[in-house]
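Participant: Pasted the sequence and its predicted model underneath.
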Amino acid sequence: MSMGFTGLNRTTSNIEPRTVNYSRSNGIDEIDDIRYINDIEYEAIKDELFGEFGFTIDQITEMQGLSIAAAIHKTYPTTASGSSLASSASASSSSSSATVVGNDSRTVATKLLICCGSELLGKSGLVAARHLKLFGFRPTIYNPTPGRTPHYHRLIRQCQEFEISFLSYLPNESRLIRDSYDLVVDVMDDYQQSLNTNNQEILGKLVDVCNAGTPVASVDVPFGWSANDGPPRSSGGIGGAGGEVMPVLLPECLISMIAPKMCAKLFTGRHHWLGGRFILPSLSRKYKLNLPKFVGSEQIVAIDTHCY
């Protein structure tokens, strides 16, 4: 299925750290020395946001979810006919997963599979699904381990009321996922727990889908990666039982939150965005984040020239 998106087949052997200095040719200020933070700094920033500065989980979840949706919309827009997406859809209507929106045959809805974890980012994925439905996409949610908090269940209820479908399991054949969705959004925020058997099985299916050409957009830390060290390279890194190497998810798009994590230096995809436009100037100075300027009312900013 060709929907105008290209998945990138890459191996970990050619992953090298990126430079942190990006030149701009589109009028956006050049971003010099943007700070890549480790997991300890990330947790410290969150503690200050929720503690001293009085933010609530509900607030952060909503703002991050809108950022995710904005990045998806800008990178993979649902478009009118004449675009590569719509042209491909009309050329292969029997197998395409793009569908007509309303009675307007000129517009197709991009089908998304949004995989959500149970923690803060997973909640933000549920919020993103809600916004993406309003933006004209057709999201489906897969949350293998739903959060147990009342807040999580409220977000699920809201998605249900927006008539967003939920998957109870991922098909064993990755072909079924590939043929049903145009884009997979990885918000499986449980990366620190991603070595258990169930999560490794999910990761393997997502990697198969990615390798088959379906683009994957990951939020903050790609599923199976270490926030500090990036993707596993060998059994000496992150591996399964008996030294078995875990499958490696190599997304086409990365949406960092608050500040890019150390692992983002090893991201080799085409699109890298920063979301989470709520960091106080005092926090930015304290942690020397050197965050880029957001333009106007934009909820995201490109931190890699490949975004354009």
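Facilitator: Okay, I see it.
Participant: Residues in contact with stretch 154-162: which ones?
Facilitator: 61, 123, 126-127, 129-130, 133-134, 141, 143, 146, 166 (CB atoms under 8 Å, 6 or more residues apart in numbering). C-beta: built from backbone N, CA, C; applies to glycine.
Participant: Among those, name the buried ones.
Facilitator: 61, 123, 126-127, 129-130, 133, 141, 143, 146 (16 or more other CB atoms under 10 Å).
Participant: which residues in the protein form strands?
Facilitator: Per DSSP state E, the chain carries strands over the ranges 99-101, 104-109, 111-116, 138-142, 165-167, 183-187, 216-219, 253-257, 271-275, 300-302.
Participant: mean pLDDT lowest for which of those strands?
Facilitator: Note on the strands of the chain: lowest mean pLDDT is at strand 99-101, with a mean of 40.
Participant: still on that earlier bit, which one of the contacts of stretch 154-162 is nearest Ser297?
Facilitator: The nearest member of the contacts of stretch 154-162 to Ser297, counting by CB to CB, is Leu134 at 16.4 Å.
Participant: Quick one: residues contacting the closest one.
Facilitator: With CB under 8 Å, 6+ apart, Leu134 has these contacts: Phe162.
Participant: cool, Ala264 as well?
Facilitator: Contacts of Ala264 by CB under 8 Å, 6+ apart are 18, 36, 254, 256, 272.
Participant: distance of the third one from Ala212?
Facilitator: Counting by CB to CB, to the nearest Å, the gap between Leu254 and Ala212 amounts to 20 Å.
Participant: likewise the second one?
Facilitator: Shown here: Tyr36 relative to Ala212, a distance of 31 Å by CB to CB.
Participant: wouldn't Asn290 be in contact with Asp33 here?
Facilitator: Yes - counting by CB atoms under 8 Å, Asp33 is a contact partner of Asn290 at 5.3 Å.
Participant: For those two, indicate the residue with more neighbours.
Facilitator: When Asn290 and Asp33 are compared for neighbours, Asn290 comes out ahead with 14 against 9, by other CB atoms under 10 Å.
Participant: Great, nothing more from me.
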